[in-house]
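In: I'll drop the sequence and a predicted model, then ask my questions.
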Amino acid sequence: MHISVEDLKNMPGETLTYTFTAAAEQLDLTDEEVEFLEPLTVELLATYSNGKINVEGSLHSKVALGCSRCLRTFVFPLAETFADEVQAGDMATLDIDDWVREAYFIGLPLKPLCHEACKGLCPRCGSDMNEKQCDCLIDEVDHRLSVLKKLLEEK
Ligand SMILES: [Zn+2]
Ligand SMILES: [Zn+2]
C-alpha cells in the first residue's frame with residue numbers, strides 16, 4: 001500500500017483521501033491464532049505541507065479469535081487508527097504498510113474475550129462455565145470453608 005508523494009506535493013495544504021483493501025498475507029500478517037474473515041480496509045488522509053507529509057489513517061477488518069477464557073472462537077471487529085508525520089524528502093511514493101501493521105497489532109486484544117463477562121472453563125473438569133455451572137467450584141468453596149472452620153475450632 002503506498003501513495004504518490006508527487007500528487008501530494010502538487011497540492012500543498014490539500015488533504016487527499018485514499019482507501020485500500022488488502023489481504024492479510026499481502027501485509028505479512030499471517031498469524032495462526034487469527035483468522036481473517038474479510039480483507040483489511042484502510043482509509044487514509046494525507047496532507048503535504050512545508051516538506052512534511054501528515055497521515056491519518058484507520059484500519060478495519062473482521063477476524064476470528066479464540067477466547068482466552070473459554071477457548072471458543074468468536075468474531076472480533078478490528079478497528080484501530082494511526083497518525084504520523086514524515087519528511088517528504090525526495091521520495092516518490094510513501095509506503096504505509098508499517099503503520100497499518102502497527103495499527104493491526106495495537107488493535108488486536110492481548111487477551112481476547114468472547115464477551116467481557118465470559119466465565120471461562122472450569123480449571124478442574126474443563127466444562128464451559130458459560131453453559132452450565134459444574135459442581136467443582138461449589139466443592140472447592142466448601143472445602144475452603146471447612147478448612148477455615150477447622151482452623152477456627154483449633155484456636
Ligand atoms: Zn469466552
Ligand atoms: Zn468443573
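Out: Everything's here; your move. Numbering: from 1, shown residues only. Ligands and ions are numbered 1, 2, ... in the order given.

In: from here on, just use CA atoms for contacts and neighbour counts.
Out: OK.

In: which residues sit against the one helix or strand Trp99 maps to?
Out: Per DSSP states H and E: Trp99 is located in helix 97-107. Residues outside helix 97-107 that contact it (Cα atoms under 8 Å, 6 or more residues apart in numbering) are Met1, His2, Leu27, Leu29, Val42, Leu59, Leu78, Ala79, Glu80, Thr81, Phe82.

In: not counting sequence-adjacent ones, nearest residue to Tyr18?
Out: Excluding the flanking residues, the one nearest Tyr18 by Cα to Cα, 6 or more residues apart in numbering is Leu44, at 5.0 Å.

In: give me the next element, helix or strand, following the helix or strand hosting that neighbour.
Out: Leu44 is part of strand 40-49, with elements assigned from DSSP H and E. Counting by DSSP H and E, the next helix or strand C-terminal to strand 40-49 is strand 52-66.

In: which strands or helices does that following strand pack on?
Out: strand 35-36, strand 40-49, strand 73-87, helix 97-107 (3 or more Cα pairs under 8 Å, 6 or more residues apart in numbering; DSSP states H and E).

In: so which of those gets nearest Leu152?
Out: With Cα to Cα, the closest approach to Leu152 among the helices and strands packed on strand 52-66 belongs to strand 73-87: 45.6 Å.

In: can you list the residues of the chain near ligand 2?
Out: By Cα under 5 Å from the ion, the residues of the chain that approach ligand 2 are Cys122, Cys125, Cys134, Cys136.

In: highest neighbour count among those residues?
Out: Counting neighbours by other Cα atoms under 10 Å, Cys122 comes out on top of the residues of the chain next to ligand 2 with 18 neighbours.

In: dump the residue contacts of that one.
Out: Cys122 neighbours (Cα under 8 Å, 6+ apart): Asp128, Met129, Cys134, Cys136, Leu137.

In: now stretch 81-89: mean pLDDT?
Out: Summarised as a single mean, pLDDT over stretch 81-89 is 97.

In: any idea how many residues pack against Phe119?
Out: Not Phe; residue 119 is Lys. As a burial measure, Lys119 scores 16 neighbours (other Cα under 10 Å).
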